[in-house]
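Student: Kindly return the folded structure for what I paste below:
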Amino acid sequence: MRKIPHSESLGSKPIGKLLIQQSVPASIGILVMSLNILVDTIFVGNWIGSIAIAAINVVLPVSFFIAALGMAIGIGGSSIISRALGANDKAKALKTFGNQITITILLTTVLVSFGLYYINDLIPAFGGKGNIFEPAKIYYRIVLYGVPLLALCMMGNTVIRAEGKPKFAMNAMIIPSVSNLVLDYILIYVFDMGMAGAAWATTISYGMCFAYVLWFFLSKNSELKIDFSHFGIDFPIVKEIASLGFVTLSRQAVVSITYLIMNNILFELGGESSVAVYAIIGRMLMFALFPVLGVTQGFLPIAGYNYGANNKQRVRESINKAIMYAAFLGLFVFGFIMFFAEEIVRVFTDDPRVLKDTPNAMRWVFSMIPIIAVQLIGAAYFQAIGKAVPALLLTLTRQGFFFIPLVLVLPQFYGEIGVWISFPLADLLSTLVTAYFLNKEIRLNLIKSSHT
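Tutor: Coordinates of the predicted model:
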């Protein structure tokens, strides 16, 4: 009797059950990773100070962008792998994975070298001015050493999920998160290493994550058994990875640009404390949205596999249920933030000004969370099925086309409150645009084509 690969279950199990099986481990992984960032910020704020929180926030755009290369290559390649497995083309899946590894190593190594060479220029450019500069420089230099390993982890994690192994993908996110918190306590609190301790805790945790991902692919748990022939560059595959991965990379690039703009605008409006306010809100955005992002991650391989298998009815069902689940979870997030904003901020800091300014700012930022499920799932759908251009445009609508212009204009008229109201306005506008294009795609290519 033939053993059925895990990936084949993506085309046979009930969509609701499958979405839960894929989304829950993804959500737990994102939750633990977000808790890691959250608790890390709490430790730094309480054991080093609020300036240290601002310093880490300055470094994030650079390290996030380089790590995002791995995620971009991972998601772009995983879309190909999911569809290839759905179409029973394992040779293409193996070649794609080998090429993902090659280009991740090459690109991240070059970018880290560039980032270290221009360290004194990049930190002030991202808002690391005044008292923030020196602690940011300490943190930046050490963390950047581990970023190539993080990029490989992010790439490998999406491939693990494309194989239909969400629990292993969850473990890959939990291991570095837990180890980082343990190392934070030892290096910051016990050994009093300050910013260097926080940085080394993060870098070592990236190494532990890489060790786990490497073990997964070398063990019998993975269907993708590659050899040296798969590492050679295949330009058509690299082009397809790049076109789809560019969507994710563009999103992360816009996130980095957003941090750059926000840190500089807020520093001009309110100094270091305003940068710290944004740092806390940014951590909460990563943390509180974990169930919504988990559904989005769980949806990707299901949509990609069934589209590759030409099962349009299951693709439609996966879209509808993913939006429904994500919107329902978003409503809970909304209520949590609205009612407990003050209590949340007190966990991070006792700085009076930060305590005063952050709760209302946080409420503005989260006010449209219940509706963004449409935007996230809509953009993810086009990426999952290999339509790079609409995926790119819809991914950029929220922060690139709407938020950045709004945040550059509104503060000139409304001051700091103009920064915060830019978030819900961008969420609303991008959701309306995505809903229009997703509905059009469903009518033309999923309903009409399934009846012809």
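Student: What confidence value was assigned to the residue lying closest to residue 438 once chain neighbours are set aside?
Tutor: Leaving aside its chain neighbours, residue 438 sits nearest to residue 378 (4.0 Å; criterion: Cβ to Cβ, 6 or more residues apart in numbering). Just so you know, the C-beta spots here come from the backbone N, C-alpha and C atoms, and that holds for glycine as well. We have a pLDDT of 92 for residue 378.
Student: Tell me who's in contact with residue 378.
Tutor: 394, 434-435, 437-438 (Cβ atoms under 8 Å, 6 or more residues apart in numbering).
Student: Kindly report the same for residue 126.
Tutor: 58-59, 61-62, 259-260, 263 are the contacts of residue 126 under Cβ under 8 Å, 6+ apart.
Student: Just the residues you listed: which are in helices?
Tutor: 58-59, 61-62, 259-260, 263 (DSSP state H).
Student: Please indicate which of the residues you listed are buried?
Tutor: By neighbour count, with 16 or more other Cβ atoms under 10 Å, the ones in helices among the contacts of residue 126 hold 58-59, 61-62, 259-260, 263 as buried.
Student: picking that back up, how much space between the residue nearest to residue 438 and residue 432?
Tutor: In this structure, residue 378 and residue 432 are 11 Å apart, going by Cβ to Cβ, to the nearest Å.
Student: Then residue 387?
Tutor: 20 Å.
Student: repeat for residue 227
Tutor: Counting by Cβ to Cβ, the gap from residue 227 to residue 432 is 49 Å.
Student: buried stuff in stretch 218-225?
Tutor: By 16+ other Cβ under 10 Å, the buried positions in stretch 218-225 come out as 222-224.
Student: wait, doesn't residue 39 sit right on residue 181?
Tutor: Yes - taking contacts as Cβ atoms under 8 Å, residue 39 lies within contact range of residue 181: 5.6 Å.
Student: re earlier: want to try a markdown table for the contacts of residue 126, with pLDDT and distance to residue 145 as columns?
Tutor: Listed next are these as a markdown table, based on pLDDT from 0 to 100; distance: Cβ to Cβ, whole Å:
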| residue | pLDDT | distance to residue 145 |
| --- | --- | --- |
| 58 | 76 | 18 |
| 59 | 76 | 13 |
| 61 | 71 | 17 |
| 62 | 72 | 13 |
| 259 | 79 | 21 |
| 260 | 81 | 22 |
| 263 | 83 | 23 |
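Student: Closest one of these to residue 207?
Tutor: Closest to residue 207 out of the contacts of residue 126 is residue 59 (18.4 Å), distances taken as Cβ to Cβ.
Student: What residues does that closest one make contact with?
Tutor: The contact partners of residue 59, by Cβ under 8 Å, 6+ apart, come to 123, 126, 128, 136, 139-140, 143.
Student: Swap in 7 Å and give it another go.
Tutor: 136, 139-140, 143 (Cβ atoms under 7 Å, 6 or more residues apart in numbering).
Student: which ones among the residues you listed are found in helices?
Tutor: 136, 139-140, 143.
Student: Between these, which sits nearest residue 206?
Tutor: Closest to residue 206 out of the ones in helices among the contacts of residue 59 is residue 143 (8.5 Å), distances taken as Cβ to Cβ.
Student: Show me what the mean pLDDT comes to for the helix or strand where residue 176 lies.
Tutor: Here residue 176 sits within helix 166-184, counting by DSSP states H and E. Averaging pLDDT along helix 166-184 yields 87.
Student: That one packs against which elements?
Tutor: helix 15-47, helix 133-162, helix 194-218 (3 or more Cβ pairs under 7 Å, 6 or more residues apart in numbering; DSSP states H and E).
Student: So for residue 269, which of those helices sits nearest?
Tutor: Ranking the helices and strands packed on helix 166-184 by proximity to residue 269 (Cβ to Cβ) places helix 133-162 first, at 19.0 Å.
Student: how near is residue 220 to residue 165?
Tutor: Going from residue 220 to residue 165 by Cβ to Cβ gives 12 Å.
Student: and the nearest residue to residue 171 once chain neighbours are set aside, what is it in contact with?
Tutor: In this structure, residue 171 finds its nearest non-sequential neighbour in residue 212, 6.6 Å apart by Cβ to Cβ, 6+ apart. Under the criterion of Cβ under 7 Å, 6+ apart, the contact list for residue 212 reads 171-172, 175.
Student: Distance to residue 304 and neighbour count for those - can I get that in JSON lines?
Tutor: Shown next, in JSON lines, are the contacts of residue 212 (distance: Cβ to Cβ, whole Å; neighbours: other Cβ atoms under 10 Å):
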{"residue": "171", "distance to residue 304": "22", "neighbour count": "20"}
{"residue": "172", "distance to residue 304": "20", "neighbour count": "24"}
{"residue": "175", "distance to residue 304": "26", "neighbour count": "20"}
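Student: Sounds good, over and out.
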